[in-house]
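Participant: Quick one: sequence plus predicted model below, questions after.
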Amino acid sequence: MHRAEPPVTRRVPGRMPGGWLLMACIGLVALALRSPIVAIAPVLGDLRGDLGISAAEAGLLTTIPVLCFAVASPLASLTIRRFGVELSITLTLLGVLLGMGVRSAGGTTATMLGTVVIGVAITLGNIALPLMIRRDFPPRRQAAATGLYTAALNIGSTLAALLTAPVAAVAGWRIALASSALAVVLGFVVWLLAVGHRRALRPDPDPRPAGKPAGRAGGRWAAAGLAAGFSGQAFAFYGITAWLPTLLIDVVQMSVVAAGAASSFFQVFAIIGALGVPLAARRLSTVTVAAGVGVMWLFLPLGLLLAPAQWWAWTALGGVAQGGGITVIFIAVMRLAHDGASAGRISAVVQGVGYGFGALAPTALGFVHEHTESWSASLLVVLAATTTYLVCTTLAVGSVARRRR
């Protein structure tokens with residue numbers, strides 16, 4: 001279903017590269033926005049043994065970045081308005097490099113501090129990259145660029161999960177964590193070549209006056225619906241990511257190695273969802289696509305509850321849903337906003353609220369499992385989160401579509 005596109009802010013000629021070079025920049029920068037976080041999980045055991053930290057302190061290393069996504073989103077939005085998108089992306093890459101160096105070089109304090117720096121830097125990139133997509137791509141290509149962006153996030157996660165442990169076995173956990181910097185350095189080099197040193201390092205604030213994030217009351221309700229939907233998405237994603245291997249070991253009696261490999265289904269199939277949503281949106285309404293993604297999300301907790309032996313089917317469907325789900329929300333944010341400044345504010349609210357709930361998921365599901373001594377109750381909590389995504393996102397996307405008409 002094709003509809004007239006609303007007015008958008010056009011790219012200033014010469015401001016940014018076009019076509020495939022800009023796509024390559026987005027993909028390479030996005031690789032750096034998840035791999036430093038995912039890389040910590042495979043080496044937590046070695047890290048604990050070397051630094052002598054408790055399980056709770058080790059858990060903080062995976063929770064701190066998500067907390068930063070929630071707490072630092074308003075600051076990231078303000079930084080982008082003051083310094084511009086180009087310099088903000090440069091600061092993202094340099095911040096991630098700095099944080100990775102600090103995290104790998106010292107003791108417990110340095111490891112925690114480096115993780116905070118990584119989390120804050122990635123928060124800046126989480127908002128800046130979608131804003132660049134909205135600004136520098138015509139409306140007909142924004143969905144495809146967003147799909148590439150979210151697919152690259154999942155590719156980075158998958159590569160980090162697969163490669164960190166083998167590198168640690170050969171060179172130790174410090175080198176393994178630092179090795180993720182290769183993707184960041186590559187992204188930084190391509191970024192500088194694409195936009196030029198002056199634009200990448202020079203502040204370029206947005207001169208437009210600040211307005212309300214979504215204008216009328218209907219827009220505010222749509223933004224609230226997207227925030228609620230993203231909360232369900234983030235809660236389900238981080239909860240499943242944290243506990244799926246343990247669940248498979250307990251319920252399906254899989255080995256530790258097999259359960260770890262099986263959980264990679266959830267990450268790999270997200271790439272299909274991220275790239276598939278823009279293709280589906282060309283032939284179907286965005287409301288239909290959002291509802292379809294939401295229904296696929298439901299299959300994961302329901303399937304593991306009712307037929308856990310078929311885990312491979314449910315984790316694959318859930319993976320497609322989580323990759324497609326975040327793509328749907330980012331596209332809706334771009335279409336809801338009336339200019340780049342409002343897009344930044346809406347994105348900051350949606351991501352801040354969503355990642356706040358996502359940070360609670362591992363602890364909440366672990367608490368429910370511990371007190372019920374069953375995974376069924378925890379899966380019901382995940383089902384509530386995915387139902388929230390289905391209902392709230394579908395209603396919000398429908399509201400955005402009506403506003404566009």
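Facilitator: Now that the structure is in, tell me what you want to look at. What you are looking at is a predicted structure, and each value in this text was computed from that prediction instead of being measured.
Participant: C-alpha only now, for contacts and for neighbours.
Facilitator: Noted.
Participant: What is the subsequent helix or strand relative to the one helix or strand in the chain whose mean pLDDT sits lowest?
Facilitator: Taking mean pLDDT, DSSP states H and E as the measure, the helices and strands of the chain show their lowest mean at helix 197-201, namely a mean of 79. Downstream of helix 197-201, the first helix or strand assigned by DSSP states H and E is helix 217-251.
Participant: Buried residues, that following helix. List them.
Facilitator: Using 16 or more other C-alpha atoms under 10 Å as the test for burial, helix 217-251 gives 219-249.
Participant: can you give me the offset of the least confident helix or strand of the chain from its chain's centre?
Facilitator: Computed by C-alpha atoms, centre = their mean, to the nearest Å, the chain-centroid distance of helix 197-201 equals 26 Å.
Participant: Next one: residue 329 from residue 238, what distance?
Facilitator: 17 Å (C-alpha to C-alpha, to the nearest Å).
Participant: same thing with residue 68?
Facilitator: Distance from residue 68 to residue 238, by C-alpha to C-alpha: 14 Å.
Participant: Repeat that for residue 275.
Facilitator: In terms of C-alpha to C-alpha, residue 275 sits 21 Å off from residue 238.
Participant: With residue 323 instead?
Facilitator: Taking C-alpha to C-alpha, one finds residue 323 at 13 Å from residue 238.
Participant: Give me the residue ranges of the stretch 201-350 of the chain where confidence is low.
Facilitator: 205-218 (pLDDT under 70).
Participant: let's see 50
Facilitator: Applying pLDDT under 50 to the stretch 201-350 of the chain picks out residues 209-214.
Participant: wait, residue 262 sits on residue 312?
Facilitator: Yes - the pair residue 262 / residue 312 is scored as a contact, 7.4 Å apart, by C-alpha atoms under 8 Å.
Participant: Could you double-check that residue 287 lies in contact with residue 391?
Facilitator: No - look at residue 287 against residue 391 with C-alpha under 8 Å: they stay out of range, at 11.0 Å.
Participant: and residue 196, how far is that from residue 109?
Facilitator: With C-alpha to C-alpha as the criterion, residue 196 and residue 109 are 36 Å apart.
Participant: With residue 239 instead?
Facilitator: 26 Å.
Participant: again, but for residue 280
Facilitator: Residue 280 is 47 Å from residue 109, by C-alpha to C-alpha.
Participant: repeat for residue 252
Facilitator: Residue 252 is 39 Å from residue 109, by C-alpha to C-alpha.
Participant: quick one, which of those two is more surrounded?
Facilitator: residue 252 (15 against 12; other C-alpha atoms under 10 Å).
Participant: and the more buried one, what is it in contact with?
Facilitator: Counting by C-alpha atoms under 8 Å, 6 or more residues apart in numbering, residue 252 makes contact with 308, 309.
Participant: one more time with 6 Å, if that's ok
Facilitator: Contacts of residue 252 were listed using C-alpha atoms under 6 Å, 6 or more residues apart in numbering, and none were found.
Participant: Residue 320 against residue 270, yeah?
Facilitator: Yes - contact criterion C-alpha atoms under 6 Å: residue 320 and residue 270 qualify, at 4.5 Å.
Participant: could you pull out the strands for the protein?
Facilitator: Counting by DSSP state E, no segments of the chain form strands.
Participant: Local confidence estimate at the residue nearest to residue 344 when sequence neighbours are not counted?
Facilitator: Nearest residue to residue 344, sequence neighbours excluded (C-alpha to C-alpha, 6 or more residues apart in numbering): residue 77, at 5.8 Å. Residue 77 is assigned a pLDDT of 87 by the prediction.
Participant: And this protein, split by domain according to the record?
Facilitator: 17-207, 215-405 (automatic domain parsing).
Participant: what's the distance between the closest residue to residue 111 other than its chain neighbours and residue 180?
Facilitator: Counting by C-alpha to C-alpha, 6+ apart, residue 111 lies nearest to residue 103, which is 4.0 Å off, once chain neighbours are set aside. The spacing between residue 103 and residue 180, counted by C-alpha to C-alpha, is 12 Å.
Participant: And for residue 361?
Facilitator: 26 Å.
Participant: do the same with residue 346
Facilitator: For residue 346 relative to residue 180 (C-alpha to C-alpha), the value is 31 Å.
Participant: So those two - more neighbours on which side?
Facilitator: Neighbours were counted for residue 346 and for residue 180 using other C-alpha under 10 Å; residue 346 has more, 27 against 24.
Participant: And that one, how close does it get to residue 102?
Facilitator: From residue 346 across to residue 102, the span is 32 Å (C-alpha to C-alpha).
Participant: again with residue 159
Facilitator: 22 Å.
Participant: more neighbours, those two?
Facilitator: When residue 159 and residue 102 are compared for neighbours, residue 102 comes out ahead with 21 against 17, by other C-alpha under 10 Å.
Participant: And the more buried one, what's its pLDDT?
Facilitator: 92.
Participant: Can you give me the neighbour number for the nearest residue to it once chain neighbours are set aside?
Facilitator: Nearest non-adjacent residue to residue 102, counting by C-alpha to C-alpha, 6+ apart: residue 114, 4.9 Å away. Counted with other C-alpha under 10 Å, the neighbours of residue 114 add up to 24.
Participant: wouldn't residue 114 be in contact with residue 99 here?
Facilitator: Yes - between residue 114 and residue 99 there is a contact under C-alpha under 6 Å: 4.1 Å.
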